[in-house]
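Trainee: Predicted model follows, preceded by the sequence.
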Amino acid sequence: MKLSLKPLLWATALTLSSQALAANPIPNNLTELSTFAKVSEDSLAKAIQEAVYQQKIIDAITRPSEGKPWWQYRKIFITVSRIEAAVKFYFENEKELLRAQKEYGVPYEIILAIMGVETFYGKNMGSWRVLDALYTLGFNYPKRSAYFSKEFARFVALKERENWDFNNIKGSYAGAMGMGQFMPSAYLDYAVDFDKDGHVDLFTNKSDAIGSIANYFKGHGWQTGHGIYYPAHVHNADVQSLMDKGWNLTVDELYQAGVTTKVNLSKNQKIRLFKYALEDGSFGYSVGLNNFQTIMRYNTSQLYARAVYELSEFIAINVNKIKAKRGQKVTPRSRQP
């Protein structure tokens, strides 16, 4: 008697297919994530099954650039090529940058510095499927799972709002997207249609990227016309106790401890004292103001915030040099301490 193998093969294929669909376990907090992101549990479950775990992402997040000392980190981002690219980008998009500066109160050089550090003005926006990145970190990296699982859920909501194909949305290993590297929550909450074309696009639309970065900073407390970061001289002060206060340190407490700054700061304002390693093995100290804290809300690393600040200063200097050579009016930027 000749047996047909077709039913057996079909049953085996069906079993394997079912196993593949169930490869990624459904988390216990699916309902909570659904409520948080205002997206259906079914959509979340389907996205989880479509995602692919990436061990290289776990490897990458455990050795970030922010783990380097300042003098090494600085060399990555404060470069001639990055400054030149910023100046070129400025004159190609001057109208939109100045409009964003006027509407949101955020200096154009800060917007440019963010884009420069994040993606080199759109050249390096990441090659990971954002779905895979957020799944890997949200459900396989316990240290940050609370944060990344919520970003995964909001990414699914964003995908549905924008009618995206998961395969087409690429970003960083942390799931950040576009020229300014917005996480899904930032994309949903702060991305704007700055050129009023009816679409919000942070991947290819420079106008939207510019306006969205400015809107993010305004939404996180940027103070127009105020200072950002100043060198500090610690003398014999107990710097560790001052640094332990974080953003609860006041200027008055800083000065009473013997620390001085070249610019006299308002004594009641909240600040933070930072320590950074220099190439010769010594340490330097600086004071961050409210606007420095706002930069740190984009990325919590003080090294990142300082790189953005320093890059912005070089950008403004070089833009003004070209304007002066062209006979254009250059208005010095004055900042309140």
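Mentor: That came in fine, so what should we check first?

Trainee: and residue 257, how many residues sit next to it?
Mentor: 17 (other CB atoms under 10 Å). Heads up, the C-betas are built off the backbone N, CA and C, glycines and all.

Trainee: do you know how far the closest residue to it other than its chain neighbours is from residue 254?
Mentor: Once flanking residues are discounted, residue 257 sits nearest to residue 237: 4.5 Å by CB to CB, 6 or more residues apart in numbering. Residue 237 sits at a distance of 8 Å from residue 254 (criterion: CB to CB, to the nearest Å).

Trainee: Give me the more crowded residue out of these two.
Mentor: Ranked by neighbour count (other CB under 10 Å), residue 237 and residue 254 place residue 254 first, with 23 against 19.

Trainee: thought that one was touching residue 245?
Mentor: No: taking contacts as CB atoms under 8 Å, residue 254 lies outside contact range of residue 245: 9.3 Å.

Trainee: Quick check: neighbours shared by these two?
Mentor: residue 273 (CB atoms under 8 Å, 6 or more residues apart in numbering).

Trainee: List the contacts of stretch 33-44.
Mentor: Contacts of stretch 33-44 (CB under 8 Å, 6+ apart): 27, 30-31, 149-150, 152-154, 156-157, 160.

Trainee: can you redo these as TSV with pLDDT?
Mentor: Listed next are these as TSV, based on pLDDT from 0 to 100:
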residue	pLDDT
27	93
30	96
31	97
149	98
150	98
152	98
153	98
154	98
156	98
157	98
160	97
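
Trainee: between the residues you listed, which is nearest residue 322?
Mentor: Distance to residue 322 across those (CB to CB) is lowest for residue 154, with 40.7 Å.

Trainee: That closest one against residue 185, yeah?
Mentor: Yes: if you go by CB under 8 Å, residue 154 and residue 185 touch, sitting 5.1 Å apart.

Trainee: The residue nearest to residue 257 and residue 98, how far apart?
Mentor: 42 Å.

Trainee: can you check residue 62 too?
Mentor: 41 Å.

Trainee: same check, this time on residue 251
Mentor: 32 Å.

Trainee: out of those two, which sits in the busier spot?
Mentor: residue 251 (20 against 13).

Trainee: do you know how far the more buried one is from residue 241?
Mentor: 16 Å.

Trainee: Also residue 160?
Mentor: 50 Å.

Trainee: Between the two, which is the more surrounded one?
Mentor: It is residue 160, of residue 160 and residue 241, that has more neighbours when counted by other CB under 10 Å, with 15 against 12.

Trainee: Can you name the residues that contact the more buried one?
Mentor: Per CB under 8 Å, 6+ apart, neighbours of residue 160: 39, 43.

Trainee: so which strand or helix has it?
Mentor: Taking DSSP states H and E as the definition, one finds residue 160 inside helix 145-162.

Trainee: What helices and strands are in contact with the strand or helix carrying residue 132?
Mentor: For residue 132, the element it lies in under DSSP H and E is helix 130-140. In terms of contacts (3 or more CB pairs under 8 Å, 6 or more residues apart in numbering; DSSP states H and E), helix 130-140 is packed against helix 41-50, helix 55-61, helix 145-162, strand 170-171.

Trainee: What is the three-state secondary structure of residue 327?
Mentor: Secondary structure for residue 327, judged by DSSP: H, G, I helix; E, B strand; the rest coil, is coil.

Trainee: how about the strands of the stretch 1-150 of the chain, start to end?
Mentor: 128-129 (DSSP state E, counting those that start in this stretch).

Trainee: correct me, but residue 85 touches residue 121?
Mentor: Yes: Residue 85 lies in contact with residue 121 (CB under 8 Å); the separation is 5.3 Å.

Trainee: okay, and for this protein, where does confidence drop off?
Mentor: For the chain, applying pLDDT under 70 flags the ranges 1-22, 334-337.

Trainee: Which parts of the stretch 151-300 of the chain are strands?
Mentor: 170-171, 229-233, 249-250, 260-261, 270-277, 283-288.

Trainee: could I get the ones you listed as TSV with distance to residue 56?
Mentor: As requested, those are exported to TSV (distance: least, CB to CB, whole Å):
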stretch	distance to residue 56
strand 170-171	14
strand 229-233	34
strand 249-250	39
strand 260-261	44
strand 270-277	29
strand 283-288	33
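
Trainee: between the ones you listed, which gets nearest to residue 201?
Mentor: Here strand 170-171 is closest among these (CB to CB), at 13.9 Å.

Trainee: How far away from the center of its chain is the closest one?
Mentor: 13 Å (CA atoms, centre = their mean, to the nearest Å).

Trainee: Equivalent analysis for stretch 232-250, please.
Mentor: The mean C-alpha position of stretch 232-250 is separated from the chain mean by 27 Å, CA atoms, centre = their mean.

Trainee: No further questions, thank you.
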